[in-house]
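S.K.: Generate a structure from the sequence data that follows.
(chains A, B, C, D and E, ligands or ions: 4)
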Amino acid sequence: AIVGATAPVTAQADTIKIGAPIPQTGPFASDGGVMEKAIKLAVEDLNKAGGVLGQQVEVTFFDIGDLSPDKLQAAAANLIDRGKSDFIVTGYGGFGPDIPAFCPQGVPFIHNDAFTSVVDMMNSMGCTSIFNASDVEASYGKVMFDQLAALGHQFPNKKIAIVHGPYEWESGLTKAMADAATAQGWEVVMNEEVPYESVQWQGILSKIREAQPALVHIEVLDAGLTYTFLQQYFDNPVKGAVVNAGYAASVPAFGDVVAQGKVEGVLGMTLSAQLPGPEGDAFIKRWQAAYNETPPWSLAAQLYDEVNMWAAAVKTAGSASDHAAVVKALKEMSFKGLTGTLKFDDKFKIPTSDASQPAFLFQVHDKALKPLMIGTRKTGDFVMPDWAK
Amino acid sequence: MRASSISISERGTLLSVRDIDVFYDDLHILHGVSLEVGEGELVGVVGANGHGKSTLLKAVCGLVPVASGDILYAGESIRRRSVSELVERGLVYVAEDRRLFPDMTVRENLLLGAFLARGRGHEQTSLRRVFDLYPRLAERQEQLARTLSGGEAQMLALGRGLMSAPALLAIDEPSLGLAPKLVDTMLETIAELKNTGTTILLVEQSLGLIDGIVDRVYRLEEGIISGGAARAAMAMADHR
Amino acid sequence: MQAESLHSGRTAAQVAAAPIMALDRVSKQFGPLKALDGLSFDIRSGEILGIAGPNGAGKSTLLNVCTGVLKPTSGALSFEGQAVAGLAAHHYCGLGIARTFQIPQIFSSMSVEENVATGALFGPTERLASGAIKDRVDEALAITGLASQRRQPAGQADLLTRKRIMLAAALATEPKLVFLDEPLSGLNGEEVDIFVALFRRLHSARGLTLVVVEHKVRALADLSDRILILNAGTLLCLDRPEAMLRDARVIDIYLGARNFA
Amino acid sequence: MTQSDATMTAQAGGKRLLAGTSVPFYWAAVGVLALAGMLITDSYVQHVLILCFLWCMVAAAWDLTLGYAGIFNYAQIALFAAGAYATAMLTLKFGVPPVAAIIAATAITALLGLAIALPCLRLQGEYVALFTFAIHLAMPPLIQLAKGLGTGGTMGLMGVPPIKFFGLTFGPLNKIGWYYLALTAAAISVYVIYYVVLRSRTGRAFVALRDSANFARSLGINEFKYKLLAFVLSALVTGFAGALYAHYTSVVTPKILGNEFILLAIVMLAIGGIGRFPGAVLGAFVVTILNELLRDAGTYRLLILGILVVLTLLLLPQGLASIWERVSRRKHKARTKLKE
Amino acid sequence: MTQFLEVIFGGIAQAAAYSIIAVGLSLVYGTARTLNFAHGALYTTGAYISWILTVGYLGLPLWLAVLVLIPILFSIGVAIETLMLRPLRGGKNWRVTAMMVTLGLAFVLDNANLILFGAVAKPMPAFIEGTVSIFGVTVSAYRVAVLIIALVIVALLEVFLNRTRFGWAVRAVAQDIQGARQVGIDVNRIFAFTFGLSVVLTGMAGLLLSPIFLISPQGGWEPFLKAFVIVVLGGLGSTRGAIAAAFFLGLVEAMVVYQLGASWTMPVWLVTLLLVLMIRPQGLLGKGQSEAAG
Ligand SMILES: Nc1ncnc2c1ncn2[C@@H]1O[C@H](COP(=O)(O)OP(=O)(O)OP(=O)(O)O)[C@@H](O)[C@H]1O
Ligand SMILES: Nc1ncnc2c1ncn2[C@@H]1O[C@H](COP(=O)(O)OP(=O)(O)OP(=O)(O)O)[C@@H](O)[C@H]1O
Ligand SMILES: [Mg+2]
Ligand SMILES: [Mg+2]
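M.R.: Ligands and ions are numbered 1, 2, ... in the order given. Model prediction:
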């Protein structure tokens, strides 16, 4: 009955099939869109360059919509058992359900969940073929605070107020951030969790104004929510305080807000992005040519790298279908990509560092994100926004 | 009496139903039914239940679609007219199952009877009239219709009909659930309505009840109509 | 009392008969309105008790109280000597009290026969064997003249059939006492006769006690042993039909002069 | 069926509602699916059918309250989630062996159903719907707040262990195993609901109360008892389905309380037709399979699904069941003709 | 003190916004007894249409956009009612089927919006910039404007429903359709009109709120669910109740966020709801069903 449930049934023997479980519908569709573009672009470029080991690469996308567990089961069954994919790639695969779904398959799978608990599960389940092509939230929390501290900005005091969403990613990241702050003699005047349906920020904003912090950090993986917070905050901001919108500031869904200059001066971060330099610029041009828009900082270069790293691994392994060999290659290789040098550690993740894959700290400036810090490297100057003066 | 002895030819025909058929989905209820009601006449339709009396009245008042045949009201076809147009022109239906507004008070129910311009014109007078007819309703003005007793509900139903200032009132089994004394009152009311110039098409189970007041009677059996002869003579006999 | 008992009730047995149900100062209040006002009377076992009275007198309310649909605001209600006032509606059936409704009620998604079977399935306190149930259903269908329509879907039944179904289901519960709320309303002459005959049969054949609320007074009079006239929630009179029909007060408030004076 | 059976095995809603779904017919259908299981090798197809079976249980259980007992219960997915969470927490936090955990979870869900039903019986018709839907809405925030109790919060619970019995292990990859496990569970649940409960005295009471509560009470039906019973039975099956789901996907997250999940479940009933077996069950199959067939459509999937729902409802408001009935009524007519 | 005021004001501003959405939902429920699951999706659609009218493409000024928006929304509503709901009405258990159709419609609208406008959330400029200060509380002028507009809309609606004959007709239709026809009310027109009106209301809410929240394809569900709770709490079909409930919950929310933390909002909302339903099964101001006679 269900024959034809996936796109390409007509696949010649000399193509390598890869599968991409991504959210094309539902609340995560905006990220899913970027993942799709990035993967398509990578595959296109590979094929233009003669494919991998002379074989063309063919990608199948599978909508994992709202990321509910059975969808990932379906994805695994569809892409691997029936789609015969030799490689699974995604931006994020549901923060958990993806592991039990793909782990037993033994097919190389690179994702970017960046979740401590997911990485722990990968290891506790003894998965040997799943890779997390970035670091985990805890590290980013610490790195981000170090970057803020290294800005060279004279904070009026050493108080930080934190608001974060209910996801472990958010709470984990902000916890690490708070620890880093206290370690450097800061006082965490507030660290409050908010649910995704929040629209009513008055109460929280009052508390913030009460505390008069020098640094306000909101970490919610939802552009809309972050935006409403900032909007209501701007009505009556704390003078002299720096505002950091965290990861949300760099997600595609936030792009228009930035482009319309509604959040000038706000800080933000991303786990990984194309490093400045010829390759990075080439990538941006390539993307603009393909989609006539500048690539978002998050997910674009990241997924481009994930695909290419696998391709490189296949070359070393000598065969895409020899999954063990490809996995081995992936584990051992250190891949020079757009986002840095990708080298997995024994936990199958990539510890962030200048040497490997540095995190970015941005400030919104002239309706665009300007990198201030890449890892520990200072790449731009913090400008005190007018509304904070 | 005088009214009843006058035959249609002298007064104009107000309503003339011509050979109509009515269905409920595939259920054929009325088979080529025809009847005539003259200006100011009081015409009865009797028949056992389930034989289509209510359906006939509903068809006349535009509440159920007519499959074939035609209905003329004041000389023009009303087959395709909307119910509100008909009410606005004084063609009003009083249902056997009352169809009151359960969560509104007795008063609100009555006022809604005068919803269209026609009724609104004489809202206050009609209201007073209804309350003299049925003091019980006056007492219960603020009670919710859903809590009325069977009979009270029946009174309210007729009262609401009167509020629309009807020219032709189609009344469906008004005696239903009424105490004998009230049945009399009800029938007297209807006779009086007729005398004040309202034309009436009255449906009842059995002739016995309405014998005394109707000018003519039709009999409806299994969707087929018969009778309709002038009953003036007989009516007089009754009253001696 | 003496005089009354002489004429009423057909057999000596019935005259002596203990009350099957007794009401003692039963009242039902709806907000400001006293729908029932301190009613006290007995229903004798084996009799046919007619109840009439002006619209809004409280007849349906009385039935609802006697069958547990409404709880009396005050007063005591006993069935075969047992106090039943507080019980939930469905217990009354188990005791042997059944009823029909002024607006016919049926289970529209079931067949006629299933409607009736439902009464047999749940009416008795102890479950019956399916054989016994079948017999009951057949009997109830037969006595109400539904046997031929047993297979038909109840949803499309006309008024008469609906009334029959409702009654048959009530009978299938094997009641001792049945309350009927305006069973004849909406029926024409012949149909009324059919139903009256049916009630007589139930009464004589099954020795059922019937309480009939009805506005069709002549039919009621010729059916009942006694008639209770309710007025504004109070008992106006409780007497033999003939007497009641001649009672000036009754004529005045209820019957109306024209047909009964 | 003999005439007397027909009367006495009080079929809910009468023979018409169960037309063309005699017991042998039913088991034959199950048998066909069982055979199909041996032929199907594509694990994706297997997966989809496993989902169908699990959804059948949910839909049937829902049909019991919503369709037959006429209780507007919208806490169905909440109960499903309860079953899933119960077993996940029992196995992960308390190391209860899966089979025991599933049984416990089923019981717990049934109790939860009872707890929800009690207040519902005080409410009038539509308010039951709103009350129960409110409970559905309350679940995710409560799960997050009860994180301390080991609900796993927004993250959910990962690595629910596979079911093991008779030395068989039902891991995520053992699709064949799951196929038969789910098929058995569904076949039994659906059978119990439609052929045992609804054809019994109890089922008769449900329908009677739905059609006319006053009349039903006057015939001695204990409204309180039977409404409660309907709710608990439905919750029981639902909880069972939820527990199985948890072990099948080995993950439980609040995502199952998201929009898409409950919407799909409602759509199943909408397309299938409520209160008219086998509507709900057909609905479960059609919608689940349709939803997968539409994968190609990518972004357009839900759009098309929505359009289909609207069209189905406009063209056959009584759902697929009505077609089914027409067909079987014809069969019936034909049969009676033959007799004459 | 100022903080307290800030919180209170925030609550009120929020409540006003909700009440427009809730009243629309309640209106349709009150007349057609259909719970319109597409209400949230229509809210989003309204927002997208106004986006097209203003910043998106046509760049109309606000007042003009509103003038264009209202008829569009109204005709959408009428179309939905006539094409999707009317055919079902009167059919076997049509209330359930009608509800399900609106559900299907919600799917369609959500995903149509996703496809047409993309998943990326769209910001709308506030039509009034800057802030004002009331009793030392600084609030954005726009939120004040929203509050006022919302109150005006809701007040107008109240008058419309309770003081006009139309309002009467609406209530009559809600209680007995055939009865309403008998007294000469054009039932279909009433249904169409109320549905159109409710779409206008929710769509306007979409326009008013999109500068405060972003516009995104799924963005309608949050407001819908809150409106839903409000409608239930206020009593089905009672607009006045809905308004009362909106403000009540708005304030509760504000206080909860301030005192307990935001993650308690939804639980507290729903617990309140469940309690109210227990104590008053017909909602705060809903009409009570007194026990029926006979
Ligand atoms: N809405 C309907 N759908 C299907 N059948 C109907 C409908 N309304 C009435 N009928 C059937 O049409 C026939 C005529 O009904 P109608 O109410 O006109 O009879 P009636 O003479 O008014 O009976 P009564 O004296 O009981 O009022 C009956 O058999 C009834 O069952
Ligand atoms: N739930 C209620 N709330 C308020 N008043 C009520 C309620 N139920 C009945 N009543 C009133 O109580 C009185 C008695 O009602 P009941 O239905 O018993 O009258 P009845 O004797 O059956 O009249 P009928 O012969 O017309 O059916 C009526 O005046 C009615 O308006
Ligand atoms: Mg009739
Ligand atoms: Mg009565």
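S.K.: Mind jotting down where the strands sit in chain D?
M.R.: Secondary structure of chain D by DSSP state E: the strands cover D:157-158, D:163-165, D:168-170, D:251-252.
S.K.: Could you confirm whether the third one reaches chain A?
M.R.: No. Contact of strand D:168-170 with chain A (CB under 8 Å from any CB of the partner chain) is absent, the minimum separation being 11.8 Å. Glycine gets a C-beta too; all of them are placed from N, C-alpha and C.
S.K.: Partner strands of that strand and their direction?
M.R.: Under the criterion DSSP bridges, strand D:168-170 sits next to strand D:163-165 (antiparallel) in its sheet.
S.K.: who touches the residue of the stretch 201-340 of chain D found nearest ligand 4 in this structure?
M.R.: Of all residues in the stretch 201-340 of chain D, D:Asn214 sits closest to ligand 4, at 13.9 Å by CB to the ion. By CB atoms under 8 Å, 6 or more residues apart in numbering or on different chains, the residues touching D:Asn214 are C:Val69, C:Phe101, C:Gln105.
S.K.: can you list those residues in JSON lines and add distance to E:Asn113, secondary structure and pLDDT?
M.R.: Output for the contacts of D:Asn214, formatted as JSON lines (distance: CB to CB, whole Å; DSSP: H, G, I helix; E, B strand; the rest coil; pLDDT from 0 to 100):
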{"residue": "C:Val69", "distance to E:Asn113": "51", "secondary structure": "coil", "pLDDT": "90"}
{"residue": "C:Phe101", "distance to E:Asn113": "51", "secondary structure": "coil", "pLDDT": "92"}
{"residue": "C:Gln105", "distance to E:Asn113": "48", "secondary structure": "coil", "pLDDT": "92"}
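S.K.: Nearest to chain B among these?
M.R.: Looking at the contacts of D:Asn214 and their distance to chain B, the nearest is C:Phe101, at 10.9 Å (CB to the nearest CB).
S.K.: do you know how far the residue of the stretch 51-200 of chain D found nearest chain B is from D:Trp324?
M.R.: Nearest residue of the stretch 51-200 of chain D to chain B: D:Gln124, at 12.6 Å (CB to the nearest CB). D:Gln124 sits 33 Å away from D:Trp324, going by CB to CB, to the nearest Å.
S.K.: more neighbours, the two?
M.R.: Per other CB atoms under 10 Å in any protein chain shown, whichever of D:Gln124 and D:Trp324 has more neighbours is D:Trp324, with 21 against 12.
S.K.: Was I right to think that one contacts D:Val281?
M.R.: No. With contact defined as CB atoms under 8 Å, D:Trp324 does not count as touching D:Val281 (10.4 Å).
S.K.: A:Glu264 is in what secondary structure piece?
M.R.: Here A:Glu264, judged by DSSP states H and E, is contained in no helix and no strand.
S.K.: and it, what pLDDT?
M.R.: The confidence metric pLDDT takes the value 90 at A:Glu264.
S.K.: Pull the contacting residues for it.
M.R.: A:Val364, A:His365, A:Asp366, A:Lys367, A:Pro385, A:Asp386, A:Trp387.
S.K.: Generate a PyMOL selection restricted to the buried subset of those residues.
M.R.: The buried subset of the contacts of A:Glu264, as determined by 16 or more other CB atoms under 10 Å in any protein chain shown, is captured in PyMOL by this line:
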select buried, chain A and resi 364+365+385
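S.K.: can you redo the contacts of A:Glu264 as TSV with secondary structure?
M.R.: Formatted as TSV, the contacts of A:Glu264 follow (DSSP: H, G, I helix; E, B strand; the rest coil):
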residue	secondary structure
A:Val364	strand
A:His365	strand
A:Asp366	coil
A:Lys367	coil
A:Pro385	coil
A:Asp386	helix
A:Trp387	helix
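S.K.: Could you list which of the contacts of A:Glu264 also contact ligand 4?
M.R.: Among the contacts of A:Glu264, no residue is within reach of ligand 4 (CB under 5 Å from the ion).
S.K.: Just give me the closest of the contacts of A:Glu264 to E:Arg280.
M.R.: Closest approach to E:Arg280 among the contacts of A:Glu264 (CB to CB): A:Trp387, at 46.7 Å.
S.K.: what's near enough to touch that closest one?
M.R.: Applying CB under 8 Å, 6+ apart, the residues near A:Trp387 are A:Phe234, A:Pro237, A:Glu264, A:Gly265.
S.K.: now it: how far from ligand 3?
M.R.: 75 Å (CB to the ion, to the nearest Å).
S.K.: just C:Ala168 next, same as before
M.R.: Applying CB to the ion to C:Ala168 and ligand 3 gives a distance of 23 Å.
S.K.: By proximity to chain A, which residue of the stretch 101-250 of chain E wins?
M.R.: Nearest to chain A, among the residues of the stretch 101-250 of chain E, is E:Ala119, at 3.6 Å (CB to the nearest CB).
S.K.: For that residue, list the residues it contacts.
M.R.: So E:Ala119 contacts A:Ala29, A:Ser30, A:Gly32, A:Gly33, A:Ala253, E:Ser216, E:Pro217 (CB under 8 Å, 6+ apart).
S.K.: give me every residue that touches D:Thr106.
M.R.: Residues near D:Thr106 by CB under 8 Å, 6+ apart: D:Gly83, D:Leu236, D:Gly239, D:Phe240, D:Ala243.
S.K.: Report the distance from stretch A:102-117 to the chain centre.
M.R.: Its chain's C-alpha centre and that of stretch A:102-117 lie 15 Å apart, by CA atoms, centre = their mean, to the nearest Å.
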